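Peer 1: Below is the sequence, then the predicted model.
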Amino acid sequence: MLYAKKILIVDDDAVMGDVLCDILNDAGYTADWVGSGKDAIEQMETNPAQVLLLDLLLPGINGIEVLKHVIQKHPLTIVIMMSGHGTIQTALQATRLGAYEWLEKPLEKERVLLTVRNAMEKQVLLTEKNLLLSEAKSRYKMVGTSPHLNQVYQLIDRVAPTQSTVLITGESGTGKELVARAVHMNSQRAGGPLVQVNCAAVPESLIESELFGHTKGAFTGALQHKKGRFQQADGGTLFLDEIGDLSAMAQAKVLRAIESGEVAAIGQETSTTVDIRLLTATNRDLATMVRAGEFREDLYHRINVIEIALDPLRNRTDDIAPLLEHFLSCYSHNAKQPMKQIEPAALTLCKAYEWPGNIRELRNFAEKANVLIDNNRISADDVRRLLTLTHEASGERPATLKEAKKRFERSFIQEALNRHQGNVTHTADELGTPRSLLYQKMDRYGLGRQMP
């Protein structure tokens, strides 16, 4: 990737500005000069520079005020302060505000070139990091417009910039990992690591080594030193998924690590301080587990500072259409083929279905549709066929006769409503049932109404 090498020199001494422009242009940069803080701010708005050489004493708006403006409005610009009248206190103030370096006048050519080269390298790294974070945010973005999900977005926006511990709850497949990534990506630790551990997937005998690491020879099979996930997450975020599956022993050690901020690898006598932000998730009812003595109450209160609870997909049907569109778009893009469109009747069936596997099942459905449907339209018959294939492949069946009747009745009513474009009166007449009873069943099954 190619980057511009534009430098803006801000100095009320025109001779100094000309000299610096000549030096930097000869070195392969594109240097420009302005003589005041006001001109610098205007220039940055229209033609921002990668590096700013900024004098402290300027007419009107001084260098510190320009620095504050640039740091706020152009965070990827590297600012180098210059002054022949600077003091240590002023230099420290500028550094605290975000200045990269301080150059004392009279300037030395080699020092200027070295400082600018290092600043430009840092700017390139910052730009690449920003691009990577933007791509990551796009890749892991949450999709949906339901009132519930909007509340989740608002909660993420509030909690992400803090250091608070977050517990994410919800059924399997509701998107708990995406919430964790959204919190991390929008936090001050976004540039640091996000380390994830699926506590349910690690055997109890290995969980301590997985979390805290071990030294060579600490136990049979420990052939080399291994860093634990706590150490790997230092400076970033540690996400303990399915924390409700931790054993009592592991719960105690995790609690100790959280409270002390120190961890010790197996076989290591001294502890190591780690700086992490902790996110956890579970599909289990931890409060019930606490009452049953299956989960430590002190750990529960320690991790449940802020809770983000995700509703199952069946309770937020407004999200089904945008999620389907998103998944179908992704799969068609990867396959380099036109995106399939879902017909209104097919979408209605999708909204009536309960999606026991939640978003994960919906994503699999979209992938099947992209592969198995030959044309570019997804019909209601396609939906029935693909959902039947899903259930046959997974062995999923209604658990009871009552559940089977409930699923059939809901689907039966939904298809009748589809035939009459949601008109309740006509649907009730066809089904031979009082309109009031049909309304009750529609409310029970979460089906949409349309007045006659």
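Peer 2: Everything's here; your move. Residues are numbered from 1 along each chain as shown.
Peer 1: hey, let's count contacts and neighbours off CA atoms from now on
Peer 2: Noted.
Peer 1: how near is the residue most central in space within the chain to residue 304?
Peer 2: With distances taken as Cα atoms, centre = their mean, residue 182 lies nearest the centre of the chain, 2.1 Å away. According to Cα to Cα, to the nearest Å, residue 182 and residue 304 sit 18 Å apart.
Peer 1: hang on, the earlier thing: shouldn't the residue nearest to the centre of the chain be in contact with residue 155?
Peer 2: No: counting by Cα atoms under 8 Å, residue 182 does not reach residue 155; the two are 10.9 Å apart.
Peer 1: got the buried residues for stretch 185-192?
Peer 2: 185, 186, 187, 189, 190, 191, 192 (16 or more other Cα atoms under 10 Å).
Peer 1: er, stretch 348-355 I mean
Peer 2: By 16+ other Cα under 10 Å, the buried positions in stretch 348-355 come out as 348, 349, 350, 351, 352, 353, 354, 355.
Peer 1: right, and the helix or strand after the helix or strand hosting residue 32?
Peer 2: Using DSSP states H and E, residue 32 sits within strand 30-34. Later in the chain than strand 30-34, the nearest helix or strand by DSSP H and E is helix 37-46.
Peer 1: quick one: contacts for the nearest residue to residue 98 once chain neighbours are set aside?
Peer 2: Spatially, and ignoring its direct neighbours in sequence, residue 98 is nearest to residue 71 (6.8 Å; Cα to Cα, 6 or more residues apart in numbering). The contact partners of residue 71, by Cα atoms under 8 Å, 6 or more residues apart in numbering, come to 77, 97, 98.
Peer 1: Restricting to C-alpha, output stretch 266-275 in PDB.
Peer 2: The C-alpha coordinates for stretch 266-275 follow below in PDB (Å, rounded to 0.1, in the frame of the first residue of the first chain):
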ATOM      1  CA  ILE A 266       2.300 -24.000  36.700                       C
ATOM      2  CA  GLY A 267       5.800 -24.600  38.000                       C
ATOM      3  CA  GLN A 268       6.600 -20.900  38.400                       C
ATOM      4  CA  GLU A 269       7.200 -19.700  42.000                       C
ATOM      5  CA  THR A 270       6.700 -16.000  41.300                       C
ATOM      6  CA  SER A 271       3.600 -14.200  40.000                       C
ATOM      7  CA  THR A 272       3.300 -12.000  36.900                       C
ATOM      8  CA  THR A 273       1.200  -8.900  36.800                       C
ATOM      9  CA  VAL A 274      -1.200  -8.700  33.900                       C
ATOM     10  CA  ASP A 275      -3.300  -5.800  32.600                       C
END
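Peer 1: tell me which residues in the host helix or strand of residue 230 are buried?
Peer 2: Taking DSSP H and E as the definition, one finds residue 230 inside helix 229-232. Neighbour counts over helix 229-232 (16+ other Cα under 10 Å) mark 229, 230, 231, 232 as buried.
Peer 1: what do you get for stretch 213-226?
Peer 2: For stretch 213-226, by 16+ other Cα under 10 Å, it's 213, 214, 215, 226.
Peer 1: got a markdown table for the buried residues of stretch 348-355, with secondary structure and pLDDT too?
Peer 2: Converted to a markdown table, the buried residues of stretch 348-355 look like this (DSSP: H, G, I helix; E, B strand; the rest coil; pLDDT from 0 to 100):
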| residue | secondary structure | pLDDT |
| --- | --- | --- |
| 348 | helix | 90 |
| 349 | helix | 89 |
| 350 | helix | 91 |
| 351 | helix | 89 |
| 352 | helix | 87 |
| 353 | coil | 88 |
| 354 | coil | 88 |
| 355 | coil | 90 |
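Peer 1: Turn these into TSV, including distance to residue 282.
Peer 2: As requested, those are exported to TSV (distance: Cα to Cα, whole Å):
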residue	distance to residue 282
348	31
349	30
350	27
351	26
352	27
353	24
354	21
355	19
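Peer 1: Could you point out which of these is nearest to residue 441?
Peer 2: Closest approach to residue 441 among the buried residues of stretch 348-355 (Cα to Cα): residue 352, at 12.8 Å.
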